[in-house]
Every structure is written in structure tokens, then in C-alpha cells.
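Asker: build me a structure from this.
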Amino acid sequence: MTFKRRIASLLSSKGKVEEGVRLMEAGDSVRGFALLSRLAIAGDTEASFRIGRAYLDGTGVPPSLEEGAYWMLGAAEAGHVEAAFVLATLYTIGFPEGFEIRKTAATFDLAAPPTLGTRHPDFHKGFHWGQIAANAGSADAQALLGYILTNGPEDLRDAVQARAWYERSAAAGCSQGHLGLALAILHQAETDEARTLAAHHLKEATKGGLGTAFDILGRMSEAGAGVPRDMGAAARYYQQAAERNIVGAQARYGLFLLEGVGIEQHYGRAETWLRRAALNGDAESAALLGDLYAQGGELPPNLMEAANWYRLAAEQKHGGAARALGLLYLTGNGVHRDPEVATHWFQVASEAGDRHADADFGNLILTGASATDDEKQALKERFERAAERGDLVGAFNLGVCFDQGVGGTVDSREAARWMQKAADGVVNAQFWYGKMLLEGRGVQADPTQAMHWMEKAAEAGMGEAQVAVGQLLVTGQINGRKDHGRAMELYRAAAESGNVDAMFSLAAMYGGGHDVPENRVEAQKWFMKAAQLGNGLAQLMLGRYLIRGLAGVTDLQEGRKWLEHAKAQGIADAEAELINLDAAQPDEDD
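Answerer: So this is what the prediction gives:
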């Protein structure tokens, strides 16, 4: 452009607007804003839009919602399509309580502070301006209109029209349109073809950097829904979403890093992402961080730090975290010991549906040796009041009180009465009541009913009950009923959840002599797991297997080590095995 033509262009209103925009984009926002403001006051629609945008973004001027909304409304009323879209967005997001867009001329207050306060969406006004911009061809407005028709008040909702607007927006290449269309498809998807189509639109949405699209693709890749199941792809999608501050993706990506799923295991990075998710409000991540600090790993346990993360999750009613925090307060680990506070968090855990907290109430708080008699009495009274109100958890704990003599003397009849009440809904009570029926403690012995209640607890996943029922099915103690196959299933379920006694029993079943196929390789594997967790009998059996090569591999040195461990725990047969081993290995000098 020649100098004369450039000067001529600057004399026109359009040229002046273009120059103002150029100055702002070049970094000279103060001069650009000054030029555009003069044009806006003179009534130029494009300049009004640009000034409104500058106030909303805080470009060349302190941010001001009041000024930005005023100029945006003026431009929208003059027919500016993008201004109508921005105004629709402002109404959909919501203005603070009592906020009204000014109708008087602006003063360009350069010191105007941004308006603060809770925003209240006005979907109807958002719909009005969004429809104007959408009908004028704005793809962004078409996507916004789809959102309003999907998520707005009942009188505005129209799924068919919403999808139609999303489709128009997506066809114009709008990332938000692709995302909205994908969500609309997934909402009604019943076939793999529909989910595949949704995945296509999500991938298009990721081209615009939309974190939600990355997150959903991660979940679809993890589940193999609409796309091939690919944990590596899921990890990559979660990373992209996490970096865009999608909290759920931060949590999933942190977990993938922690467990080495689809990506190389990295505890440091896992902790970083879980921390970000937790601080952004994800209770599960906070609870997991509590577990990491409580258990230690690469570093020694830090129970003070664990308590902080458990508290963050527990305050959001996370049952497992509330239970763990209760245990810390009960024992005084990482926090000051306080049975009252412990009781509060155990109650939170129970109300959140953490059924393991039932056992913690009864077995840990009430019978804890560290609690004083007055504290135990106070706890019993609390549980009594709860039980009388019909609270089943309270009934279970009161039953424990009477059974163990907590807060008074042992009363087996009262214990059985309250356990029976609690058994209708508390898994631990089912197991406890079943044992009382089996032993005839506080109630007339009834082996058939005992098995019924204990099996209910086992089917609910209680490891201790699974082991007990498995043992009864092995021996046929109840009505001569034997079922070694079912016993093995129960032992395996409990063993895989970490029950050491179940690991030993499962190994013994595999070792032979039962009505199930013998598999000594599996037997040695489970003896090893139990032995490593300190089970003396498993250490004895592992030593025998290794010395005698019962699973196909002989290792005298390793076998001797495990026999020594068993001997240290007072296992008499281990000492005899070591004597026999020494006798079979004469000194080299002989």
C-alpha cells in the first residue's frame, strides 16, 4: 500500500478501526484503545465491540465487567454478530446478583475495578442473543445455543433442536460444536456405531484444544467404547486433558502414573498430578494421597501429611478417607489422640456407605486398649442412643459393646439381640451373628442359620467371612456339607483382597489332598505370598517346598531361610525340619 493510500484509509472510519486493532495486536494497546474509544463514542459498531472486548479481557485498560457489558450490548443491538455471541455467553455464564447493564453513555473509567460476586445465569437472555448470532451464521453461537437447549431451564430444553444446532456448528468446523454433538450422541448411544461417531467428533474437538474432549476420549479408550481399548492412548488423552486443568483427568493420569498403566510408572509425577487434582476438589485423589503418605514406599511413611490429605477428602464425605482419619485419631498417629474426633469420622465413613467402617467402630474403637473406661462408656452410650433410633451401625456397635464388655460387663444375650437387628443391613454383623449362632453364645446354637448369615457376609466380600465359610466347607462341620470347589473360590477371593489366612488356605488346597485339582506351582506361589506377609505356617510350608523341590525347583539355601523365619515364630515343626536338613548334609570335612 502506498503512503497516500494508507493516509487515505486512515481518514475513513473503517481504516481508523483497523488501525486501532492493529495497534492493540502489535502491543501498543494504550494508543489502540484510545483510538477505538473515540470511534466507539462516535457510534462505530465495530469499535464498540472492540472496546467492549478490551474491557472484558483487560487489554489496554483495567478489566471491567460493567464497561465491557455496556459496549458489547451497544454493538449487539447495532447488529454486530460476534458481539451478540459474547453477550449471549455473558448471560449464560451469569452476571453477579443485582447487576444490570448500563443504558447511559460510557465514561471510560480507567480505574474501574472488576465486578466480583457469585454469578447467576440468565439462560433466557442468553438464548435470545445466542439465537440472533446463531441465525446470522456464528458457529460459536450455534454451539452455545445447543448448550442452552440442553442444559437450560425446562421450558427451554429441546434435545432435537440442540442436536441440530450442534450439527450446524460442527459442520462449520467449530470445536465446541463437535464437542456438543459428541455429547449429544453419547447421551443416546446404544450401538458401537454411535459411539464411534461420537469419538470422531471428539477427536475433531481436540483440534481446538478442548480439555473435556481429551478427557472423554481417555475414558473411551480405557473402556474400549467407540475406539479400540488402548491404555497407552488413554494415558496420553488424560495427560492432554490434565494439562488443560480437567480435574477428573488429573486424577486418572496421576493414577495411571502411580500404577504404571499405559505409561511408565513414576511416583513423583503421579504425586504431582494427584496433588493438583486433590487441590482442585477431587476427593478420591486426596484420599489416595493420604494412602501414599500413610504407607510410605520410596520414602518412609509421613502420617502427619497423610492426615492432612485424608481430612481434605473426608470433609467431602469420602468414606474411606474418613475411616482412615478416624483410625489416626483413635491411635494418635500423625495427629493428637482423640476418641471423640475418631468417633465423628467413623460416623462420617458409615454415612458415606463405607461398610468397612462398621468393623472399625466395633473392633477398633470399642475394644481399643488405649481408650479409657470413661471413653469406652461414652462411646457405648452414643451407640445405644443410635441403636434405639433404629440405626443399624449403632446396633452392631452396641452388640460389640455387650459381647466384649465395653463400657460395662459382658452380656452375650444382649449382644446377640443387637447383632440380629444389625444383621439386616450390616455385613460385619452378619458374620458376627453367624459366629454366635455357631458357638451358641448368647443364643441357642443353630448351625444352619449360622452358615446362612456367614455366607451372606462372605458373598458381600468380607474376607474374614470368606475364610471362615471356606473352612466350614472344607471340613463339612455344618450338616456334613462339603464343597471344596466353593471353598477354594472363597479362599481365592479373600486372598486376592490381601487376607493372609486365605493365602495360606488357598495354597494348602492347591497342595493336594482335597477334592480340587492339585497344582503345586500355584501352591508354592501362595505360600510365598503368605510367608512374605509373616505367616509362620506358610513360612514352614514354603521352606519344605523349596528344600524338597515339591513345585519343581529345589533351593536349599532359600528353603533354610524360610524355615529359620518359621522357627523364630515358634513353629515347632520348623525346628524339626532344620534338624533333619542338617543331618542330611554332613560337614564337608567328614
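
Asker: in this protein, what helix or strand scores lowest on average pLDDT?
Answerer: When each helix and strand of the chain is scored by mean pLDDT, DSSP states H and E, helix 3-11 comes last, with a mean of 47.

Asker: show me the contacts for the nearest residue to residue 244 once chain neighbours are set aside.
Answerer: In this structure, residue 244 finds its nearest non-sequential neighbour in residue 211, 3.1 Å apart by Cβ to Cβ, 6 or more residues apart in numbering. Where you see a C-beta, it was placed from the backbone N, CA and C, and this is true even at glycine. Going by Cβ atoms under 8 Å, 6 or more residues apart in numbering, residue 211 touches 240, 241, 243, 244, 245, 246, 249.

Asker: in which helix or strand does the last one reside?
Answerer: Right, the one you point to is residue 249. Using DSSP states H and E, residue 249 sits within helix 247-259.

Asker: what about the spatially most central residue of the chain, distance to residue 316?
Answerer: The C-alpha lying nearest the average C-alpha coordinate of the chain belongs to residue 284 (Cα atoms, centre = their mean; 3.5 Å). Counting by Cβ to Cβ, to the nearest Å, the gap from residue 284 to residue 316 is 9 Å.

Asker: what does residue 447 give?
Answerer: 45 Å.

Asker: ok, residue 354 touching residue 317?
Answerer: No. Between residue 354 and residue 317 no contact is recorded; they are 10.1 Å apart, counting by Cβ atoms under 8 Å.

Asker: settle it for me: which of the two has more neighbours?
Answerer: More neighbours surround residue 354 than the other of residue 354 and residue 317, with 19 against 14 (other Cβ atoms under 10 Å).

Asker: list the contacts of the more buried one.
Answerer: 319, 320, 322, 323.

Asker: same deal with residue 493?
Answerer: Counting by Cβ under 8 Å, 6+ apart, residue 493 has contacts 461, 463, 466, 502.

Asker: for it, give its distance to residue 188.
Answerer: Residue 493 sits 37 Å away from residue 188, going by Cβ to Cβ.

Asker: break the protein into its domains for me.
Answerer: Domain assignment of the chain by automatic domain parsing yields the ranges 3-134, 461-518, 526-584.

Asker: let me have those in CSV, adding distance to residue 264 as columns.
Answerer: As requested, those are exported to CSV (distance: least, Cβ to Cβ, whole Å):
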stretch, distance to residue 264
domain 3-134, 40
domain 461-518, 26
domain 526-584, 26
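
Asker: out of the ones you listed, which gets nearest to residue 262?
Answerer: When these are compared by Cβ to Cβ, domain 461-518 sits nearest residue 262, at 22.5 Å.

Asker: end to end, how far does that closest one reach?
Answerer: End-to-end distance of domain 461-518: 26 Å, with Cα to Cα, to the nearest Å as the criterion.

Asker: now swap in stretch 146-162 and tell me
Answerer: Length of stretch 146-162, first residue to last, Cα to Cα: 4 Å.

Asker: list the contacts of it.
Answerer: For stretch 146-162, contacts defined as Cβ under 8 Å, 6+ apart pick out 92, 123-124, 126-127, 130, 145, 163, 165-166, 169, 176-177, 180-181, 183-184, 187.

Asker: can you select the buried ones among these for me in ChimeraX?
Answerer: A single ChimeraX command suffices to select whichever of the contacts of stretch 146-162 are buried according to 16 or more other Cβ atoms under 10 Å:
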select :92,123,126,127,130,145,163,165,166,169,176,177,180,181,183,184
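
Asker: let's see which of the contacts of stretch 146-162 end up in helices.
Answerer: Residues of these located in helices (DSSP state H): 92, 123-124, 126-127, 130, 145, 163, 165-166, 169, 176-177, 180-181, 183-184, 187.

Asker: which phi and psi does residue 96 have?
Answerer: Here the main-chain torsion angles of residue 96 (degrees, to the nearest 10) amount to phi -60, psi 160.

Asker: now the strands: where do they sit in the stretch 51-200 of the chain?
Answerer: Secondary structure of the stretch 51-200 of the chain (DSSP state E, counting those that start in this stretch): strands located at 95-96, 119-120.

Asker: now the ones you listed in a markdown table, with mean pLDDT?
Answerer: Listed next are the strands of the stretch 51-200 of the chain as a markdown table, based on pLDDT from 0 to 100:
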| stretch | mean pLDDT |
| --- | --- |
| strand 95-96 | 88 |
| strand 119-120 | 84 |
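
Asker: got the contact list for residue 54?
Answerer: Here residue 54 is in contact with 24, 29, 33, 36, 60, 61, 68 (Cβ under 8 Å, 6+ apart).

Asker: 10 Å instead?
Answerer: Listed by Cβ atoms under 10 Å, 6 or more residues apart in numbering, the contact set of residue 54 reads 20, 24, 29, 32-33, 36-37, 40, 60-61, 63-64, 67-68, 71.

Asker: let me know the closest of those residues to residue 274.
Answerer: Of all these, residue 274 sits closest to residue 63, with 33.4 Å by Cβ to Cβ.

Asker: just the CA coordinates for stretch 384-392, please, in PDB.
Answerer: Below are the C-alpha coordinates for stretch 384-392, written out as PDB (Å, rounded to 0.1, in the frame of the first residue of the first chain):
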ATOM      1  CA  GLU A 384     -27.000 -47.200  72.400                       C
ATOM      2  CA  ARG A 385     -28.800 -43.900  71.500                       C
ATOM      3  CA  ALA A 386     -28.200 -44.600  67.800                       C
ATOM      4  CA  ALA A 387     -29.300 -48.200  68.100                       C
ATOM      5  CA  GLU A 388     -32.600 -47.200  69.800                       C
ATOM      6  CA  ARG A 389     -33.300 -44.800  66.900                       C
ATOM      7  CA  GLY A 390     -33.000 -47.800  64.500                       C
ATOM      8  CA  ASP A 391     -29.500 -47.100  63.300                       C
ATOM      9  CA  LEU A 392     -28.100 -50.500  62.200                       C
END
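
Asker: which residues are in contact with that stretch?
Answerer: Here stretch 384-392 has contacts from 347, 350-351, 358, 383, 393-399, 401-402, 407, 418, 421-426, 429, using Cβ under 10 Å, 6+ apart.

Asker: list the buried residues in it.
Answerer: For stretch 384-392, a neighbour-count test (16+ other Cβ under 10 Å) marks 384, 386, 387, 391, 392 as buried.

Asker: repeat that for stretch 264-271.
Answerer: Buried residues in stretch 264-271, counted by 16+ other Cβ under 10 Å: 269, 270, 271.

Asker: just send these back as TSV, with secondary structure, pLDDT and distance to residue 439 too.
Answerer: TSV is the format used below for the buried residues of stretch 264-271 (DSSP: H, G, I helix; E, B strand; the rest coil; pLDDT from 0 to 100; distance: Cβ to Cβ, whole Å):
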residue	secondary structure	pLDDT	distance to residue 439
269	helix	93	52
270	helix	92	47
271	helix	91	47
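
Asker: save those residues as a markdown table, and put in distance to residue 548 too.
Answerer: A markdown table is the format used below for the buried residues of stretch 264-271 (distance: Cβ to Cβ, whole Å):
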| residue | distance to residue 548 |
| --- | --- |
| 269 | 46 |
| 270 | 43 |
| 271 | 45 |
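
Asker: all helices of the stretch 401-550 of the chain, in order?
Answerer: Assigned by DSSP state H, counting those that start in this stretch, the stretch 401-550 of the chain shows helices spanning 412-422, 427-439, 447-459, 463-475, 484-496, 500-510, 520-532, 536-548.

Asker: also the stretch 51-200 of the chain?
Answerer: 65-77, 81-93, 123-135, 139-151, 159-171, 175-188, 192-206.

Asker: out of the ones you listed, the one nearest residue 55 is which?
Answerer: That would be helix 65-77 among the helices of the stretch 51-200 of the chain, by Cβ to Cβ, at 3.5 Å.

Asker: now do that closest one against helix 123-135, angle only.
Answerer: Interaxial angle of helix 65-77 relative to helix 123-135 (axes from the mean of the first three to the mean of the last three Cα atoms, to 10 degrees): 50 degrees.

Asker: I am finished for the moment; much appreciated.
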